[in-house]
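Colleague: Predicted model, plus sequence, below.
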Amino acid sequence: MFTTVIFHHLALFLHLTGVTLWIGGMVFIRVCLVSPALTTARWAEALEKFFSLSWISIVLIVISGSFMLVWIGHAHVPRAWLLMAFLGAVMIAVYASLWFAPWKELRAALARGGLAQAQAQAAVRRINKRLDITLALSALTATAATLGLAMRM
């Protein structure tokens, strides 16, 4: 039993670490990188680093969250956690759509050079919109995970 409790707390630590890195990275991108002086090439450089870290974070979140759901047992999982898991899955889907569409478009436009600058800027705008959606969903997810438990959801 003691070992199981340790694994549960380790899973919670990894879950919160993953969430902190992913959400914190999105906040950094949306708040700190807002500058008209920032070129699309610099955006791409920052996003490349962010994506590397965020995919690792998502894997941590999914694995640790799944472990905690299994550890609690399906019959005992609070509905707030199920809502959190659903919203998290939606966040991952929006994030994946960002990765597979505007991110690829941005890299392709930058590879084509100066003539594709307008396309690169449009891709950055689409990336930012999807990051905004993901951040809004993260606020809903955090609300479900915490206040939902207080309301006995």
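Modeller: Now that the structure is in, tell me what you want to look at. Residues are numbered from 1 along each chain as shown.

Colleague: low-scoring stretches of the chain, by residue?
Modeller: 1-2, 152-153 (pLDDT under 70).

Colleague: Centroid-nearest residue for it?
Modeller: For the chain, the residue nearest the mean C-alpha position is Trp22 (4.7 Å; Cα atoms, centre = their mean).

Colleague: In which helix or strand does it reside?
Modeller: helix 2-27 (DSSP states H and E).

Colleague: In whichever helix or strand comes after that helix, which residues are buried?
Modeller: Along the chain past helix 2-27, the next helix or strand (assigned with DSSP H and E) turns out to be helix 40-72. For helix 40-72, the neighbour count (16 or more other Cβ atoms under 10 Å) marks 40, 43-44, 46-47, 50, 54, 57-58, 60-62, 64-65, 67-69 as buried. Bear in mind the C-beta positions are built from the backbone N, C-alpha and C, glycine included.

Colleague: Over to stretch 113-120?
Modeller: The neighbour-count check on stretch 113-120 (16+ other Cβ under 10 Å) flags Ala116, Gln119, Ala120 as buried.

Colleague: Dihedrals phi and psi, the first one?
Modeller: This points to Ala116. With angles defined as degrees, to the nearest 10, Ala116 sits at phi -100, psi 10.
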